[in-house]
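Asker: based on what follows, work out the 3D shape:
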Amino acid sequence: MKVTLIAHTPFSEYVIVKAGLITRGRRYPSTPLFSKEKFIKNLIERGHHSILEFGHATFLVEGVSRSLLAQITRHRLASFAVESQRHIKPKPDVVIPPTIAEDAELKQEYKEVAQKCFALYGKMIERGIPKEDARFILPNATKTSFIISANFREWRHILQLRLSPDAQWEIRELCREIARQLYLIAPSVFEDLISLAKTMEG
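Answerer: As a prediction, the model looks like this:
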């Protein structure tokens with residue numbers, strides 16, 4: 001899995017504070033006593049999450065399963081651009097869950113079955129079957145790539161759900177890395193969630 005931040009709102013915390021202040025008829029204070037970190041934390045604690053929508057981040061996600069893709073695209077307020085199996089020939093590469101990888105016999109059988117699926121896929125393509133029909137045989141484990149874009153309010157929502165211990169391991173791993181990178185660009189917005197992400201490691 002590779003996760004790359006490819007775009008985000010410049011000076012996002014400043015923009016969020018400006019938006020929050022304008023709702024109160026105030027301008028950005030020049031006093032050194034004003035803390036944007038405390039202001040944003042207060043917004044979050046008081047439930048004024050709409051102001052967080054002025055921050056935005058876009059990620060390129062590579063080498064994850066189609067199973068993960070089916071989960072993450074349920075977040076309908078995010079925007080997605082997904083590698084299309086109608087237009088590309090997927091590489092015979094799959095994600096292997098850790099629980100399966102720990103069992104040498106199951107891991108080998110898993111890989112063999114996956115390779116048979118890709119072999120039949122290739123055979124169908126050679127015989128003129130459209131990719132959009134041949135892809136039906138490909139497993140959920142097939143690796144894919146996509147771009148996901150969302151505002152900070154939606155990112156907080158996604159992370160709160162997908163960092164839960166009940167979340168599936170692969171999407172939890174993805175969201176731990178997204179949380180880490182979001183924290184680097186807007187620490188006051190994601191401070192509580194990076195703490196949650198760290199508790200979910202391992």
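
Asker: surely residue 63 is in a helix?
Answerer: No: counting by DSSP: H, G, I helix; E, B strand; the rest coil, residue 63 is not part of a helix but strand.

Asker: just to check, it is in contact with residue 145?
Answerer: Yes: here residue 63 lies in contact with residue 145, judged by Cβ atoms under 8 Å, at a distance of 7.1 Å. All C-beta atoms are positioned from the backbone trio N, CA, C, and that covers glycine.

Asker: comparing these two, which residue is more hemmed in?
Answerer: Neighbour count, other Cβ atoms under 10 Å: between residue 63 and residue 145, residue 145 has more, with 15 against 12.

Asker: most distant residue from the centre of the chain?
Answerer: What lies farthest from the middle of the chain is residue 31; by Cα atoms, centre = their mean that is 37.6 Å.

Asker: is that one in a helix, a strand, or coil?
Answerer: coil.

Asker: now do it, the pLDDT please.
Answerer: Reading off the confidence values, residue 31 has pLDDT 73.

Asker: for it, give its distance to residue 128.
Answerer: Here the criterion is Cβ to Cβ, to the nearest Å. By it, residue 31 lies 72 Å from residue 128.

Asker: need the single longest helix in this protein, by residues.
Answerer: Counting residues, the longest helix found in the chain (DSSP state H) is helix 104-126.
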